Each structure stands twice: as C-alpha cells, then as structure tokens.
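Chemist: A predicted structure for the sequence below; I have some questions about it.
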Amino acid sequence: ADLVASYSVVQTVDDITKAALAYAEKVGSEEVGKLTADITTAFSGGDYVNGVYTGGSRDDRAKESTMGTLIADSLLKTLSNAERGGAQIGIVNPGGMRAELLYKGSSATTGDADGKIVRSEANSVLPFVNNLWTTTLTGAQLRSVLEEQWQPAGSSRPYLQLGLSSNVSYTYNSGAAAGSRIGRIMVNGKLVNATDTFRIGSFSFLLAGGDNFNTFKAGTRTLDSGLVDYEAWIDYLKANSPVKPSFAKHGVGVTSSISAKVGQSYTLSVSSLDLTSLGSPANTTLKVTVDGEVVADNVPVTKGAAQTTFIVKHNGPVVLTANPSGTVVHGSVVISKVDDQEHKPSAKATVKKGKSYTFKTKLAEIGNGVWPTGKLYTYVNGKKVDTQSLRTVEKGVQKITLTKKDLKRFGKKTVTVTTKIVRSRTVNTAVVKTIKLKIK
C-alpha cells in the first residue's frame, strides 16, 4: 500500500496484476470435463485401508499410476490420426505429470464441484507447453526404451517408470542383468518381435531423449504435430468425459523358468501387481490360464505378489489375471510339446475278408497324469479312414474299428494300417501304431 501511494507506476502494476488474476480465475473455473474417481500420480508412504490405497505423498516416479495411463491414452488418441503422426502407442515420462485430478471439489476454486474438472486443474497436470511429437521405433528399440527405465549409474533417480497407453503390457525381472530385464512385450494383444515397427506418440521432451531415454533419439520419421500438450490434453478431456481411472498394471515382475514341457510341474512367481495411486485396489487373487484353460485359480496375492505351482497340461500362451484390478499378464514362459514314442510299430494281424477289424492303441502317459490330446487319425495304405478325438480313458487305451467297407475298397491281401496323433497341444505329431494286416 505504501508503494502504491508513493509511486503511480506501482499502482498501474497492481491494477494489471489484479485484472490478470481475476481473468485467470474466470478462465480457470471453466469446466473442461468430468471424472468418476480420483486419477493421480503414484503415491508413497500410504497404505491400503479396507483394500483401497490411501494417504501418503504424491509423485513417486518409480511406480506406475492411473494418471500415467490416462495421459498416455490421451496421447495415443490425439496423435493416432495419420495427419497428426499416426501414433500406435502413447508414452509419458513420470516427471511430466505435475498435479492430480481429484474427484472432491475444491472450495478454493470457483465452480469446482465434486466430479468436475476445471481448466486450472487440467492445466496444472501438464504445465510445460511441450509440443506433441511422434516417432517410429522397432520392437527391439521399444525393448531398449523399457530397459532405460533403469537409469544410468549416478542419476538422481535410479529408476523412472514410464506411463504407457492401455494397449501395451510387458513382463520384467529386475534381478536380471542390464539389457535383459524385459521379458514379453505385448501390443494390442500381440507379441512384439524385434523387427516390428510402432509409431510412438509423446512429448517433445521425451522423444528428444529427455530423462536419459536416449533410444528415442534413434527413432525415425520423427514429426512435430504442431499441437501443444495442455491444449490437446484439455481437448481430450472435453471429448472423453467422464474419464475414469484404470487400475491395470502395464509392467509386472515375473520370475520363473523361461521354458517348460508338457507334463512338467512349473512354478511361477509374480510381483508388483498393485498400483499406489489414490483409490487403487489391493489385488487379492490371481488366475492362471494356459491357452485359455484355467490351471490355477484363486491364487492368494499378498502385497502385490503371488506364487503358484501347477502341472503343464498342454502348450500355449500363459496368461495371468489379477483380481480385482483386472491386470492381465502375458507370461514369458515358452511351453513345448513332448515327443511321443512309437508303440508296437511293426505289429501283425489277420482279418477275414468281408469282416470289420477292431484294434486298440495304447497311448503313453506324458507324466503327472497328463495324456496326449488332439486327434487320432487312422490310415489304410496312406488313405485316412478314421478320425477320433483323444480323450483320457482308462490306461490310455483307445479303440478303433475299421469297417469292412474300409478294407474292401483296397482289394489287396495285405494292407498297412497306421495311427498317428495330430493337431495335438501336448505331443508332436507321432506314429502310435503300425499294423501289417493280412486279409484272407
């Protein structure tokens, strides 16, 4: 007040400042979207109360968050159009998220009712005014980017967790050697191969190699969309409200053998299943499937970790689903079928002309009560005459009948009857039995 009274120029500055603050309050109070629950960065120092994370302090940059997923999804949606770069994956650096979106309205902000997002809140989340870029990475480079979350020695933070769009997931083993920590990477439900290519959408800061993510600098066809982060973010909120938190993890620790065979006992350990964003549920159980068949269910989860041992009944992808978050993990294990042995490959038999012939094949147990599955084809002189679905029967015995019609059409005194296992998820194609059949 003394300065204003003494200097007219200070009065002018004071008037300009007050007008700017009044205008900011008016613009900042504009509703730009709605949300169904808190969407925040990762917190530390809190706890799960009644199964839901609460308390602690914000901005734990070493963990995934509901905010990271939402912003990465917004980048993907905003930049997916070919004219904006054709993004297929959205990625956000944890330091790029500077505030929370809270369901509870703030009495300090005009018009900020419960469930409402006002412009000042949205703007505080992404305050840097970065441009939005896209670049192309190979599958090998995407793996390298995920490896770079473990920061170089001497960095201010030893680990920085990237936020990924909902269509991306991966497994990791933090105890593995540098460069080999990342396991299976999935994009849109498909396994990523080293030679695959993906358009990545993110902030100019990150794609220029910020926070030691140097692989981004090797990306090709890097384009500037011309869009500014906070403007595109607010447009996304307007177009997609109400937004809601996703509690699914993208990266999950998996420790197990990388290979297994049908019939073996296999132990699988997982960790880091839980988020620490406000409102995130603590997972309680885990379901394990192999090629869609449940092999372990209601596996207890404690502090985001679980371990289970099961018998591998057939080959196929291993998928883990955590409850109640809905986190889906594609296990890095490769399950191999076994080689079935031949049984009585040179048996001989006789059948009367014009009669049918019934014989039995005995299937070899693979181990731990697992029997071959698939189809059993029977051939006479190389021509398929019978197909049966393999089922577990007493002592693995399968009965096959060749009709008189099957045998008559060959018009020979001796035929070769062969049975083979095909289309099996347990054993490689194998000859089960060969019979030299005389027809008298």
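Modeler: Yes, it's here.
Chemist: would you map the helices across this protein?
Modeler: 2-6, 8-28, 66-79, 119-125, 139-147, 204-207, 229-240, 404-408 (DSSP state H).
Chemist: need the contact partners of the shortest one.
Modeler: It stands for helix 204-207. 91-93, 96, 128, 130-135, 200, 211, 213, 216-217, 219, 222, 224 (C-beta atoms under 8 Å, 6 or more residues apart in numbering). Heads up, the C-betas are built off the backbone N, CA and C, glycines and all.
Chemist: check Thr344 and give its pLDDT.
Modeler: Let me fix one detail, which is that residue 344 is Lys and not Thr. With respect to pLDDT, Lys344 has a value of 54.
Chemist: sorry, wrong one. I was asking about Asp339.
Modeler: Predicted confidence (pLDDT) for Asp339: 81.
Chemist: now do Lys395
Modeler: On pLDDT, Lys395 comes in at 62.
Chemist: where does pLDDT dip in the protein?
Modeler: Within the chain, the segments meeting pLDDT under 70 span 107-108, 110, 340-346, 392-395.
Chemist: what about 80?
Modeler: Low-confidence segments of the chain, defined by pLDDT under 80: 106-112, 340-346, 391-396, 409-412, 429-430.
Chemist: dead centre of it: give me the residue that sits there.
Modeler: Taking C-alpha atoms, centre = their mean, the centroid of the chain lies closest to Ser169, which sits 3.1 Å from it.
Chemist: contacting residues for that residue?
Modeler: Ile185, Met186, Lys249, His250, Gly251, Val252, Val328, Val329, His330.
Chemist: burial count for the third one?
Modeler: When you say that, I think you mean Lys249. 25 (other C-beta atoms under 10 Å).
Chemist: now do the contacts for it.
Modeler: Glu64, Ser169, Ser272, Leu273, Asp274, Leu275, Ala322, Ser325, Thr327, Val329.
Chemist: Ile258 versus the residue lying closest to Gln11 once chain neighbours are set aside, what's the distance?
Modeler: Spatial nearest neighbour of Gln11, chain neighbours left out: Val4 (4.8 Å); criterion: C-beta to C-beta, 6 or more residues apart in numbering. Plainly put, Val4 is 73 Å away from Ile258 if you go by C-beta to C-beta, to the nearest Å.
Chemist: ditto for Glu83
Modeler: 42 Å.
Chemist: okay, the two: which has more neighbours?
Modeler: More neighbours surround Ile258 than the other of Glu83 and Ile258, with 12 against 7 (other C-beta under 10 Å).
Chemist: that one against Gly331, yeah?
Modeler: No: judged on C-beta atoms under 8 Å, Ile258 makes no contact with Gly331 at a distance of 9.7 Å.
Chemist: need the helices of the chain in CSV with distance to Pro281, can you?
Modeler: As requested, the helices of the chain are exported to CSV (distance: least, C-beta to C-beta, whole Å):
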stretch, distance to Pro281
helix 2-6, 55
helix 8-28, 32
helix 66-79, 11
helix 119-125, 23
helix 139-147, 25
helix 204-207, 29
helix 229-240, 23
helix 404-408, 60
